[in-house]
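J.: Quick one, structure for this:
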Amino acid sequence: MALAPAKPRRRSEPMIALINIVFLMLVFFLVAAAIAPPLDREVRLVEAGQIEGRAPPDAAVIRADGSLIYRRAEITSEGYLAARLSEETGNPALRLVPDRDLPAEDLVGIAAELRAAGADEIWIVTERALQ
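T.: Sure, this is the predicted structure:
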């Protein structure tokens, strides 16, 4: 008489390992929270929601028509680079504040002109909205 083959036993899930990991995470976060000192209850933090932003003083503004304005005067790309080089030693980072309606092709063209004139680093300053 032949015996029926034994049914393979399913291995149980290793729940102990998962419980150990969760426990270690709990201990870690409890210790980390105890290390960070709480703020003084009498301190009131500054609210920055109504602060108006403005361009950095060394930035050139690019209007929607593509004209470049630096310190309230219209200037060329090469003139802006020369003015920034005369103000600082080395090759300073140039900051451009483009108008929202300025076509991207014009912005890329102005940046290319500045690169061709010798600019190493060009930063585009934008508005950041927190919602």
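J.: The residue nearest to residue 70 when sequence neighbours are not counted in helix, strand or coil?
T.: Leaving aside its sequence neighbours, residue 70 sits nearest to residue 60 (CB to CB, 6 or more residues apart in numbering; 4.4 Å). C-beta: built from backbone N, CA, C; applies to glycine. Assigned state for residue 60: strand (three-state reduction, DSSP: H, G, I helix; E, B strand; the rest coil).
J.: tell me which residues form a beta bridge with residue 60?
T.: residue 96 (DSSP bridges).
J.: pretty sure residue 111 is in contact with residue 96, am I right?
T.: Yes: Residue 111 is within contact range of residue 96, at 7.1 Å (criterion: CB atoms under 8 Å).
J.: more neighbours, these two?
T.: More crowded of residue 111 and residue 96, by other CB atoms under 10 Å: residue 96, with 22 against 18.
J.: sorry, back to before: what is in contact with residue 111 and residue 96 at once?
T.: residue 122 (CB atoms under 8 Å, 6 or more residues apart in numbering).
J.: quick revisit: thinking the residue nearest to residue 70 is in contact with residue 68, fair?
T.: Yes: the pair residue 60 / residue 68 is scored as a contact, 5.3 Å apart, by CB under 8 Å.
J.: Between those two, which has more neighbouring residues?
T.: Using other CB under 10 Å, the more surrounded residue of residue 60 and residue 68 is residue 60, with 24 against 19.
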